[in-house]
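Peer 1: Dropping the sequence and predicted coords here.
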Amino acid sequence: MHVAHLSLVDYRSYARVEVPLEPGVTAFVGPNGQGKTNLVEAIGYLATLGSHRVASDAPLVRLGAERAYVRASIVHHGRTALAELEINPGKANRARINRSAATRPRDLLGLLRSVLFAPEDLALVKGDPGERRKFLDELLTARTPRLLGVRQDYDRVLKQRNTLLRTAAMARRAGGARSGALSTLDVWDEHLAATGAELTAARLDLVASLQPLVDKSYDALSTGGGPTVLDYRSSMSEDPLPHDRAGIHAVMTAAIAAGRAAEVERGQTLIGPHRDDLVLRLGPLPAKGYASHGESWSYALALRLGSYELLRADGGEPVLVLDDVFAELDTTRRERLAEMVADGEQVLVTAAVAQDVPPVLAGARFDVADGEVHRVAPSE
């Protein structure tokens, strides 16, 4: 799988840009703040319907414009598909596939698969649990697009249930009688357990598949310090969860019932996959708080490279994006990473200077400056 052409209109810093691409390695080179990351971010957005840099769509639209457009020609097993996304901050985004309107943007999922590593990924190791939950759920969606619907259903149920709990909490604090909100809470409990069990079961299967690939990638990147262990910690139980959906549903239902009083007191849902964490261990210790800076970089890279290998094994090699990565790595890690990804079907690299791109990743190059993207001839 590779992107053959990228077209942006009113996206970030670009009023309009057309970038022809090809298989193999392509480097976007230029000073910081010139728009290199905007190009690869757009590819990642088409693949995941989200940005690795911001949580909302508003910053993606060029100042003064109402909407932005991202289009990409995607080649997969010799067939070309055109994916288009119209980004409308504050409104529903619209998608087109081969120039025909899609029912919803998530219909784009699966047309393009990408794995993107950026400096922000250090938060996977050093940051809050939400960063690691997002990592798992985005990878789930890349492998099985229908799971985005499960995630969205869970979020809707969670929002409604939290509203009921807040209403019950306020009534209780006011000294009123039993709140009417509690009478409908049982229905939402069941919805929460049903969607939560499906999402959790999928996460557990993913962690089991990812574990050996992450450990292998970490070992290839770093000398010693392992092994890596991915430990899924659930808010439902301190004991290991069953891996089947029915078993998880039973555990979650019991945990919700046991925690009802505490949830009414707090006015929020305390049980469910939105409260879970992926604890990353390095040897016997948690990586967060104990891993060195270099070890944290290696671990974050290993998580992305493990994802890349997992998607490769599923069929349809994803586009690999390395956004401003090599300048942050020491010489050994830089060379090892370059050797590991050099044979990818399409590898997109951003760098401030050409010297940051290891020689083994020599390929096509674009210079990016002053809103222009210029293809550099091999002799330049």
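Peer 2: Now that the structure is in, tell me what you want to look at. Residues are numbered from 1 along each chain as shown.
Peer 1: who touches the residue nearest to residue 314 when sequence neighbours are not counted in this structure?
Peer 2: Counting by CB to CB, 6 or more residues apart in numbering, residue 143 is the residue found nearest to residue 314 once chain neighbours are left out, at 6.0 Å. Placement of C-beta: from N, CA and C, glycine included. With contact taken as CB atoms under 8 Å, 6 or more residues apart in numbering, residue 143 is in contact with 206, 310, 311, 314.
Peer 1: Kindly report the same for residue 31.
Peer 2: Residue 31 sits next to 352, 369 when contact means CB under 8 Å, 6+ apart.
Peer 1: I'd like to know how far it sits from residue 354.
Peer 2: Residue 31 is 12 Å from residue 354, where distance means CB to CB, to the nearest Å.
Peer 1: rewinding a little: distance of the residue nearest to residue 314 from residue 150?
Peer 2: For residue 143, the distance to residue 150 - CB to CB - is 13 Å.
Peer 1: burial of residue 350, as a residue count?
Peer 2: By other CB atoms under 10 Å, 29 other residues sit near residue 350.
Peer 1: surely it meets residue 322?
Peer 2: Yes. Applying CB atoms under 8 Å as the test, residue 350 and residue 322 come out as touching, 7.3 Å apart.
Peer 1: if we can go back for a sec, nearest to residue 165, of the contacts of residue 143?
Peer 2: Ranked by distance to residue 165 (CB to CB), the contacts of residue 143 are led by residue 206 at 29.3 Å.
Peer 1: Surely the closest one touches residue 136?
Peer 2: Yes. Using CB under 8 Å, residue 206 is in contact with residue 136, at 6.1 Å.
Peer 1: Test for you: state the pLDDT assigned to residue 104.
Peer 2: For residue 104, the pLDDT comes out at 90.
Peer 1: now residue 379
Peer 2: On pLDDT, residue 379 comes in at 59.
Peer 1: Make 727 the first number, not 1, from now on.
Peer 2: New numbering, starting at 727: the last item is residue 1105.
Peer 1: measure the residue nearest to residue 1040 to residue 809 for me?
Peer 2: According to CB to CB, residue 869 stands 18 Å off from residue 809.
Peer 1: For residue 731, which non-adjacent residue is closest in space?
Peer 2: Distances taken as CB to CB, 6+ apart place residue 799 nearest to residue 731, at 4.2 Å, with adjacent residues excluded.
Peer 1: which residues touch the one you found?
Peer 2: By CB under 8 Å, 6+ apart, the neighbours of residue 799 are 729, 730, 731, 806, 807, 808.
Peer 1: Surely it is within a helix?
Peer 2: No. With DSSP: H, G, I helix; E, B strand; the rest coil as the criterion, residue 799 is located in strand rather than a helix.
Peer 1: Pairing partners for it in the sheet, please.
Peer 2: Taking DSSP bridges as the rule, residue 799 bridges to residue 731, residue 808.
Peer 1: Please apply the same query to residue 794.
Peer 2: Under the criterion DSSP bridges, residue 794 forms beta bridges with residue 813.
Peer 1: wait, isn't it in contact with residue 741?
Peer 2: No. Residue 794 is not in contact with residue 741 according to CB under 8 Å; the separation is 10.3 Å.
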